[in-house]
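[1] Below: sequence and its predicted model.
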Amino acid sequence: MYLIINIIGILVFLAIALLFSKNKKQINWKSIIIVLAINIVLAWLLTSFSFGRDLVKGAADGFNWLVQVSYTGIAFALPNWVNVKQMNFITSSLLPILMIVPMFDILTYIGVLPFIIKWIGKGLSIITGQPKFEAFFAVEMMFLGNTEAIAVSKLQLKKMSAERDLTIALMSMSCVTASILGAYTQMVPGQFVLTAIPLNILNAIIVTNILNPVKVTPEEDVIYSLNGDKDLAAEEAMGETDSDGKKEPFFSFLGDSILGAGRLILIITANVIAFVALAALIDKLLGLINPWLSLEHLLGIILFPFAWLLGLDPHHAFEFAQFMGTKLVTNEFVVMGKISANINNLSIFPAHYRAQLVVFLTSFANFSTTGMVIGAFKGIVDKEKNDLISRNVGTMLLSGIIVSLLSAGIVGLFVW
């Protein structure tokens, strides 16, 4: 019965996107069906076959290995923080970012990541029938993150229509950054984190094409480089350059990357502290009205139907809904920190529930991300385009939620 509910849930999530579509007549259903079929097959391969499970487990182990290597640097500067009985959240999950972010930036600087992104994006465009840049951007986000991908695509965003820019903003709600995956895999099962990444990319294409379908002509379906030429190598569009168009010196680039990683850690830490404290304050105030009342309980009641449609029993659906709500008003780190101690205990988190919860959490879909995306666009596009994006904050959040639900629902078909 729960499998049938899970299947119905996927259809309901797609129907919700259709309900809020800006132009139902222009939806490219052929492309959507192709992408959905690819996503279901991909989830099946990655969860139901030993080679698929070994693939994502190997990737997760690779990120965990990078984290372990990063502890060498942390131990040198902060020896009392490493190799203790229980390392805190900052040491175990956040400080490794200081090594992993620069590593990915170096791969971008020398052209390895741009090459991978370019050809995967082209392949995705050919297979799915999506416009070149939208497919390229979906892959770009997976490696660089949403605001970073927006920043390096500034020329493209300036030249595209406002409607296509809105599509990019909607897609930006559904990604994570490869350089932060090591932090996730320290808190929750890495194989489901890694499974969520490609599913989110494909589901972002599905959902944004339903919510905001845009017809792109062959003349508009081009990718611009920094010098304004069309259809040049993607790596030119991503190269780090100074005002004269020359590549930034390597050690200057590396220094900026390390400082950026440090700022990222401070931002995440500040957000976690502030959101957890504010949620506790709200709970205290609600408790004055009724001891049963809490922010999680209220959100659990509101979001319960969506969690139940994932094929969960009522008890786990209500708990899942509370985690959903907490993630949306705070961020994924807050929830991952809460569940990390027990997530591998199958008596508390049965296989189906655990897989879906981890997949749902593996995205940046929350209220604060809408502000980050709007802020990223504000410094790039003109006022008309930025106003269109700002008017669609609700659609942006809806896009991120539906993508996360679809990814969780599709994985749930094969993990019981």
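    It's in. Numbering: from 1, shown residues only.
[2] what stretches of the stretch 1-150 of the chain score poorly on pLDDT?
    Counting by pLDDT under 70, the stretch 1-150 of the chain shows low-confidence ranges at 83-89, 92-93.
[3] Could you pull out the helices in it for me?
    Remark: helices assigned in the stretch 1-150 of the chain by DSSP state H, counting those that start in this stretch are 2-19, 29-48, 50-77, 89, 97-109, 112-128, 132-144, 146-152.
[4] helices or strands up against the third one?
    Contacting helix 50-77 under the criterion 3 or more CB pairs under 8 Å, 6 or more residues apart in numbering; DSSP states H and E are the following elements: helix 29-48, helix 97-109, helix 181-185, helix 190-211. Using the backbone N, CA and C atoms, a C-beta is placed for each residue, glycine as well.
[5] just the angle between that helix and helix 97-109, please?
    Inter-element angle recorded for helix 50-77 and helix 97-109: 120 degrees (by axes from the mean of the first three to the mean of the last three CA atoms, to 10 degrees).
[6] gap between helix 50-77 and the chain center?
    In terms of CA atoms, centre = their mean, to the nearest Å, the centre of helix 50-77 is found 20 Å from the chain centre.
[7] Taking their axis directions, that helix and helix 190-211 sit at what angle?
    Put simply, helix 50-77 runs at 110 degrees to helix 190-211, going by the same axes, to 10 degrees.
[8] for the closest residue to Phe367 other than its chain neighbours, what are its contacts?
    Counting by CB to CB, 6 or more residues apart in numbering, Phe367 lies nearest to Val329, which is 6.1 Å off, once chain neighbours are set aside. Neighbour list for Val329: 275, 279, 295, 299, 366-367 [criterion: CB atoms under 8 Å, 6 or more residues apart in numbering].
[9] Please identify the one among those that lies nearest to Pro350.
    Distance ranking of the contacts of Val329 against Pro350, using CB to CB, places Leu299 first at 21.9 Å.
[10] sorry, back to before: restricted to helices, list the contacts of Val329.
    275, 279, 295, 299, 367 (DSSP state H).
[11] returning to that earlier point: quick one: the helices and strands packed on helix 50-77 as JSON lines, columns for distance to Lys154 and mean neighbour count too.
    Output for the helices and strands packed on helix 50-77, formatted as JSON lines (distance: least, CB to CB, whole Å; neighbours: other CB atoms under 10 Å):
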{"stretch": "helix 29-48", "distance to Lys154": "27", "mean neighbour count": "17"}
{"stretch": "helix 97-109", "distance to Lys154": "16", "mean neighbour count": "20"}
{"stretch": "helix 181-185", "distance to Lys154": "26", "mean neighbour count": "25"}
{"stretch": "helix 190-211", "distance to Lys154": "20", "mean neighbour count": "26"}
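[12] Tell me which of those lies nearest to His316.
    Nearest to His316 among those is helix 190-211 (15.9 Å), distances taken as CB to CB.
[13] Hey, what's the angle from that closest one to helix 29-48? Just curious.
    Using the same axes, to 10 degrees: helix 190-211 against helix 29-48 is 170 degrees.
[14] Pull the distance from helix 190-211 to the chain's centre.
    8 Å.
[15] average pLDDT across it?
    Taken as a whole, helix 190-211 has an average pLDDT of 91.
[16] what's it packed up against?
    Here helix 190-211 touches helix 2-19, helix 29-48, helix 50-77, helix 132-144, helix 162-171, helix 181-185, helix 351-361, helix 393-412, going by 3+ CB pairs under 8 Å, 6+ apart.
[17] Out of those helices, which gets nearest to Ile258?
    Of all these, helix 50-77 sits nearest to Ile258, with 10.9 Å by CB to CB.
[18] Please identify the buried residues of that closest one?
    Buried residues in helix 50-77, counted by 16 or more other CB atoms under 10 Å: 52, 55-57, 59-60, 63-64, 66-67, 70-71, 74.
[19] re the thing from before, would CSV of the helices and strands packed on helix 190-211 with distance to Met103 be doable?
    Putting the helices and strands packed on helix 190-211 into CSV (distance: least, CB to CB, whole Å) gives the following:
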stretch, distance to Met103
helix 2-19, 36
helix 29-48, 24
helix 50-77, 7
helix 132-144, 12
helix 162-171, 25
helix 181-185, 10
helix 351-361, 24
helix 393-412, 26
